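Novice: just to be clear, the model below is a prediction. Sequence and coordinates:
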Amino acid sequence: MEGAKIPYKMLSQDAFSQWLGIEILECEVGRCKVGMRVRREMLNSMNKAHGGISYSLADTAFGFTANTHGTYAVSIETSVNHISALEEGDYLTAEATLDEKRTKLGFNIIEVRRGDELVALFKGVVYRTTKDWTE
């Protein structure tokens with residue numbers, strides 16, 4: 001399967017990302033940009049978006065990007081820095097700004113933005129299996 005098509009297949013099978021309302025905005029081998037809007041049911045007790053929301057958006061962009069190389073890639077370590085609080089109605093994007101392939105490991109940095117403002121920074125490491133994505 002062509003690498004840029006893999007994230008679309010992944011999204012079609014990903015109930016959680018669908019619940020979040022994630023859409024693929026741009027995709028090519030080694031780069032994927034996704035977006036979503038923060039909804040009321042995503043807010044925490046302080047009326048701000050739960051930290052898991054920006055984390056999940058970035059994690060989706062991370063997984064999609066890592067898998068564009070054509071083999072199953074699975075997360076083995078991730079972390080996030082939350083830079084700004086998010087509000088209901090905010091439209092967020094997450095884009096892979098680094099996709100470094102090293103033998104069986106891949107290293108990614110994902111930027112989460114509200115417009116031009118950087119609101120979270122996500123780092124992830126994947127293990128690349130030998131199983132190919134197929135049609």
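Specialist: Received, thanks. As the structure is a prediction and not an experimental result, all values here were calculated from the model.

Novice: so how far is Met36 from Trp19?
Specialist: 10 Å (Cβ to Cβ, to the nearest Å). Any C-beta I mention is one placed from the backbone N, CA and C, and that applies to glycine too.

Novice: please say which of those two ends up with more neighbours.
Specialist: Using other Cβ atoms under 10 Å, the more surrounded residue of Trp19 and Met36 is Met36, with 21 against 11.

Novice: report the contact partners of that one.
Specialist: Residues in contact with Met36 (Cβ atoms under 8 Å, 6 or more residues apart in numbering) are Leu20, Gly21, Ile22, Glu23, Leu57, Tyr91, Leu92.

Novice: host element of the residue nearest to the third one when sequence neighbours are not counted?
Specialist: Just to be clear, that refers to Ile22. With Cβ to Cβ, 6 or more residues apart in numbering as the criterion, Ile22 has its nearest non-adjacent residue at 4.8 Å, and that residue is Met36. Using DSSP states H and E, Met36 sits in strand 31-37.

Novice: centre of the chain versus the helix or strand containing Tyr55, how much separation?
Specialist: Using DSSP H and E, Tyr55 sits in helix 51-67. Here helix 51-67 is found 2 Å from its chain centre; the criterion is Cα atoms, centre = their mean, to the nearest Å.

Novice: for it, buried residues please.
Specialist: By neighbour count with 16 or more other Cβ atoms under 10 Å, helix 51-67 contains the buried residues 53-67.

Novice: and which of those residues is nearest to Asp14?
Specialist: Relative to Asp14, the closest of these is Thr60; by Cβ to Cβ it sits at 7.4 Å.

Novice: dump the residue contacts of the residue lying closest to that closest one once chain neighbours are set aside.
Specialist: Once flanking residues are discounted, Thr60 sits nearest to Ser17: 4.9 Å by Cβ to Cβ, 6+ apart. Going by Cβ under 8 Å, 6+ apart, Ser17 touches Leu11, Ser56, Thr60.
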